[in-house]
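Engineer: coordinates for the following, if possible.
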Amino acid sequence: MTLDKLEVEFAGLRFRNPFMLSSAPPAMDARHILRAARLGWGGAVIKTVTEEPTVDPRVRLGALRQGKNLIGMNNIELLSREPLKTWTDDWIPTIKREAPEDFILVASIMSSPEPEGWEALASTMTAAGADAIELNVSCPHGSPEKHMGAFIGQNPDLVKDVTRAARKGTDLPLLVKLTPNVTDMVPIAEAAIEGGADGLSAINTVESLIGIDVETATPHPFAYGDAPSEPMSTYGGFCGPSVRPIGLRFVSQIARAFPGTPISGIGGIEDWHSAVEYLMVGASTLQICTAAMWMGYGIIKEMLEGIGQFMERKGYDSIQSMVGKALPKITSWTALPKLPPLVAKVSEERCTGCKKCVIACADGGYVAIQMSGGVAVVKQDICDGCGLCAVVCPDSAIEFVHLQ
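Structural biologist: All right, here's what the predicted structure looks like:
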């Protein structure tokens, strides 16, 4: 596949491919961003800057595992730890000078509810040479205590006000990064658009408490102070593969509500397959943080190859041709078909006789599966077609057919 088929237009900018580093540790400075740019990433959103640099606790990252496998991460890290001047006078000019010409650099900014701060920061980043501006009104921890971040992003009126203020400070494409820590994102997205946003980014991290060390009754991650034996913690931002269902939900909802507004999808994108999922629910660029932190910037090669091969196999001639492809198939619960009934059927060739489906159906389903000759067999006159057996089957041995 030729690389031009991976190009995508977003809010008036031309990306060589849809993959960006999101505003997070992988985009903490010029050195990190330039390394990503040279490896083939389409762009990066710098770690959020505000009027004063951040001092972070240590340790500030915590893991959620299923067995030995990482499935999520919690962070209590905030914004850029470097002064604004370092970005404007050194790092942004260096990135623009040394990165490939088609690499897109987005400046992420945050300020208080007072509009003047947003206008000034947008103006400053525009003068420094950024290609676009992203407003962080969605950080779920630390910042709300200062009436910043999600404190603003959960209030449509404040979102509209700060977006309008930033719009006064720049003529660059303006994105607003939305918080998932709301019941309904659509009114927040509408406020951002009314304030002058050219595009939306969704989602930021989910407010969470990732776990407890039961031996010491201490929440993770441990933030150590002067007394290392008595660490503390706080609510943080949850990210990684486990948040992808939440991200897909919100992106699809705002894409359906505002079909003309470009969306940058964020949340648990870890490979080409999850990237395509976001494209198909309405995103047209993709921001990645956790996967880059866990596996390194080199994942871009596999993602580009994977998405290219998928496009060739399915006959998609551009990224844009995949955007929103799944949206017409999302409907209300009331509109879902209830008849004719479907029932499970086990493939004898794929079934390994593990009995997981038998146990699950007995205690969480309709007692419709039994073992026969080392293979699971569905009693179709009892099966209700709930799908639990397919959920627990590790061998993809379950299919669903119409009841005869």
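Engineer: Ala37 touches Asp102, doesn't it?
Structural biologist: No - with contact defined as Cβ atoms under 8 Å, Ala37 does not count as touching Asp102 (9.6 Å). C-betas here are computed from N, CA, C, even on glycine.
Engineer: the more surrounded of the two?
Structural biologist: Ala37 (23 against 14; other Cβ atoms under 10 Å).
Engineer: show me the contacts for the more buried one.
Structural biologist: Neighbouring residues of Ala37 by Cβ atoms under 8 Å, 6 or more residues apart in numbering: 44, 95, 99-100, 103.
Engineer: of those residues, which is the nearest to Ala202?
Structural biologist: Ala44 (17.8 Å; Cβ to Cβ).
Engineer: and the closest one, what element?
Structural biologist: strand 43-45 (DSSP states H and E).
Engineer: go on, Met125?
Structural biologist: Using DSSP H and E, the element containing Met125 is helix 115-128.
Engineer: show me how this structure divides into domains.
Structural biologist: If you go by automatic domain parsing, the domain ranges for the chain are 3-329, 342-402.
Engineer: next, the buried residues of stretch 273-286.
Structural biologist: 274-286 (16 or more other Cβ atoms under 10 Å).
Engineer: mind checking which of these land in helices?
Structural biologist: Members of the buried residues of stretch 273-286 lying in helices (criterion: DSSP state H): 274-280.
Engineer: what does the longest helix that the chain contains contact?
Structural biologist: Scanning the chain for the longest helix, with DSSP H as the assignment, gives helix 299-314. Under the criterion Cβ under 8 Å, 6+ apart, residues 1, 5-6, 17, 19, 36, 39-41, 270-273, 275-276, 288, 291-292, 316-317, 322 lie in contact with helix 299-314.
Engineer: one more pass at 6 Å, please.
Structural biologist: 1, 39-41, 272, 291 (Cβ atoms under 6 Å, 6 or more residues apart in numbering).
Engineer: after that helix, which helix or strand is next? Please name it.
Structural biologist: Using DSSP H and E, the next helix or strand after helix 299-314 towards the C-terminus is strand 342-346.
Engineer: tell me how far that following strand lies from the chain's centre.
Structural biologist: Taking Cα atoms, centre = their mean, to the nearest Å, one finds strand 342-346 lying 34 Å from the centre of the chain it belongs to.
Engineer: contacts for it?
Structural biologist: Under the contact criterion Cβ under 6 Å, 6+ apart, strand 342-346 has outside partners 376, 378, 380, 383, 385, 389, 397-401, 403.
Engineer: make it 10 Å
Structural biologist: Strand 342-346 has contacts (Cβ atoms under 10 Å, 6 or more residues apart in numbering) with 357, 361, 365, 368-369, 372, 375-390, 393, 395, 397-404.
Engineer: buried ones among those?
Structural biologist: Among the contacts of strand 342-346, the ones that count as buried (16+ other Cβ under 10 Å) are 357, 361, 365, 368-369, 376-378, 383, 385, 388-389, 393, 397-398.
Engineer: strands - which of the residues you listed land there?
Structural biologist: Among the buried ones among the contacts of strand 342-346, DSSP state E puts 369, 376-378, 398 in strands.
Engineer: and the buried ones among the contacts of strand 342-346, which is closest to Glu215?
Structural biologist: Nearest to Glu215 out of the buried ones among the contacts of strand 342-346 is Leu388 (Cβ to Cβ; 34.6 Å).
Engineer: now do the contacts for that closest one.
Structural biologist: Leu388 neighbours (Cβ under 10 Å, 6+ apart): 344, 357, 360-361, 363-366, 368-369, 398.
Engineer: any common contacting residues for Ala37 and Asp102?
Structural biologist: Gly43.
Engineer: can you tell me the helix or strand for Phe250?
Structural biologist: Applying DSSP H and E, one finds Phe250 within helix 244-257.
Engineer: counting by contacts, list what the next helix or strand after that helix packs against.
Structural biologist: Heading C-terminal from helix 244-257, the first helix or strand you meet, by DSSP H and E, is strand 263-266. When contacts are defined as 3 or more Cβ pairs under 10 Å, 6 or more residues apart in numbering; DSSP states H and E, strand 263-266 packs onto strand 43-45, strand 174-177, strand 199-202, helix 244-257, helix 272-280, strand 285-288.
Engineer: need these in a markdown table with mean pLDDT and distance to Ala166, can you?
Structural biologist: Formatted as a markdown table, these follow (pLDDT from 0 to 100; distance: least, Cβ to Cβ, whole Å):
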| stretch | mean pLDDT | distance to Ala166 |
| --- | --- | --- |
| strand 43-45 | 98 | 15 |
| strand 174-177 | 98 | 6 |
| strand 199-202 | 98 | 13 |
| helix 244-257 | 98 | 19 |
| helix 272-280 | 98 | 25 |
| strand 285-288 | 98 | 19 |
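Engineer: let's have the ones you listed in JSON lines, adding distance to Ala227.
Structural biologist: JSON lines is the format used below for the helices and strands packed on strand 263-266 (distance: least, Cβ to Cβ, whole Å):
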{"stretch": "strand 43-45", "distance to Ala227": "37"}
{"stretch": "strand 174-177", "distance to Ala227": "37"}
{"stretch": "strand 199-202", "distance to Ala227": "40"}
{"stretch": "helix 244-257", "distance to Ala227": "36"}
{"stretch": "helix 272-280", "distance to Ala227": "42"}
{"stretch": "strand 285-288", "distance to Ala227": "37"}
